[in-house]
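[1] fold the following and give me the result.
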Amino acid sequence: MTSKRKSGQLESKRDFSSIKVLLVRHGETDWNLAGRFQGRSDVPLNQKGVEQANALASALRRECLCAIYSSPLVRAKETARLIKAFHPSAPLYEDEGLVEMDLGEFEGIEGPRWAEKHAEFRQAWRDNPASVTMPGGESLKEVQARAVAAMERITHSHPPGSTLLICSHNFVILTILCHALEIPLNRFRELKQGTAALNVLYLQGGRFQAEVVNDRSHLSREEERKAK
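    Predicted coordinates for the structure are as follows:
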């Protein structure tokens, strides 16, 4: 799904009785780069992540944000604060419902090592991810339940016509998108969510609808600008 932009603002066939949600993933961290499972580990943005967040912030500078919501983890808060720099009047709130999936015993492990040490779990996670729970952590169903509840709680506290920005994490966003697109959690891998990605959702008629998914065009434009 894609959407055109005009003068830095996303075009859409918006019904102003709806609420628009700009759902964004945080910028890159060193753990993203190393392929380490972050989960609830509080890892800050690296330099590239800051640049990504700034590019996203610039792309959204013309949006009229009523409020900004963020996961309490530092990588999300840093991204949200960089976006807020263009929207000084928009309050910034933290919401525990937006925190990343609890990976339990897998926190901090690198992908190849995890695959080697936990081959049986890896097979179950690959074949039927909605049926498994991270040892000592959460399942995708639990993440989706709290994430969608957070989205509903946040949007219901604002009047129709509002535009909100929500900054969260990979698994949280993927489960929200599965809900909005009516895709079973077992198919969550059909969706992608790069660092500093933008998704645009609308709450209309009591349900969320996704108009833009995993838009990272702002990053390529920033790279082109720097090359000149």
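
[2] return the per-residue confidence for the closest residue to residue 189 other than its chain neighbours.
    Spatial nearest neighbour of residue 189, excluding adjacent residues (CB to CB, 6 or more residues apart in numbering): residue 129 at 7.8 Å. Any C-beta I mention is one placed from the backbone N, CA and C, and that applies to glycine too. Looking at residue 129, its pLDDT is 98.

[3] hey, where'd the helices end up in this protein?
    30-34, 47-59, 74-84, 111-117, 119-127, 140-155, 170-181, 217-227 (DSSP state H).

[4] for the ones you listed, give me TSV that also has distance to residue 190 and mean neighbour count.
    Listed next are the helices of the chain as TSV, based on distance: least, CB to CB, whole Å; neighbours: other CB atoms under 10 Å:
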stretch	distance to residue 190	mean neighbour count
helix 30-34	21	15
helix 47-59	23	21
helix 74-84	24	23
helix 111-117	20	13
helix 119-127	14	12
helix 140-155	14	19
helix 170-181	9	22
helix 217-227	20	13
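
[5] and these, which one averages the lowest pLDDT?
    Per-stretch mean pLDDT for the helices of the chain is lowest at helix 217-227 (a mean of 71).

[6] residue 64: neighbouring residues, count only.
    12 (other CB atoms under 10 Å).

[7] before we move on, back to that, contacting residues for the residue nearest to residue 189?
    Counting by CB atoms under 8 Å, 6 or more residues apart in numbering, residue 129 touches 140, 185, 186, 188, 189.

[8] how close does it get to residue 123?
    Look at residue 129 and residue 123: by CB to CB, to the nearest Å, they are 11 Å apart.

[9] now the helices of the chain as CSV including distance to residue 97?
    Below are the helices of the chain laid out as CSV (distance: least, CB to CB, whole Å):
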stretch, distance to residue 97
helix 30-34, 22
helix 47-59, 21
helix 74-84, 12
helix 111-117, 26
helix 119-127, 23
helix 140-155, 3
helix 170-181, 8
helix 217-227, 26
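
[10] between those, which one is closest to residue 201.
    Comparison of the helices of the chain against residue 201 by CB to CB identifies helix 170-181 as nearest, at 5.7 Å.

[11] now the longest strand seen in the chain: buried residues?
    When the chain is parsed with DSSP state E, its longest strand is strand 207-215. Judged by neighbour count using 16 or more other CB atoms under 10 Å, the buried positions of strand 207-215 are 208, 210, 211, 212, 213, 214, 215.

[12] test my guess that residue 216 contacts residue 193.
    No. Counting by CB atoms under 8 Å, residue 216 stays clear of residue 193, with 9.7 Å between them.

[13] so who does residue 90 touch?
    Applying CB under 8 Å, 6+ apart to residue 90 gives the contacts 65, 66, 67, 68, 84, 165.

[14] if you set the cut-off to 7 Å instead, what comes out?
    Contact analysis of residue 90 by CB atoms under 7 Å, 6 or more residues apart in numbering lists 65, 66, 67, 68, 84.

[15] which ones are touching the nearest residue to residue 168 once chain neighbours are set aside?
    Excluding the flanking residues, the one nearest residue 168 by CB to CB, 6+ apart is residue 98, at 4.4 Å. Applying CB under 7 Å, 6+ apart to residue 98 gives the contacts 69, 70, 71, 147, 150, 166, 168, 172.
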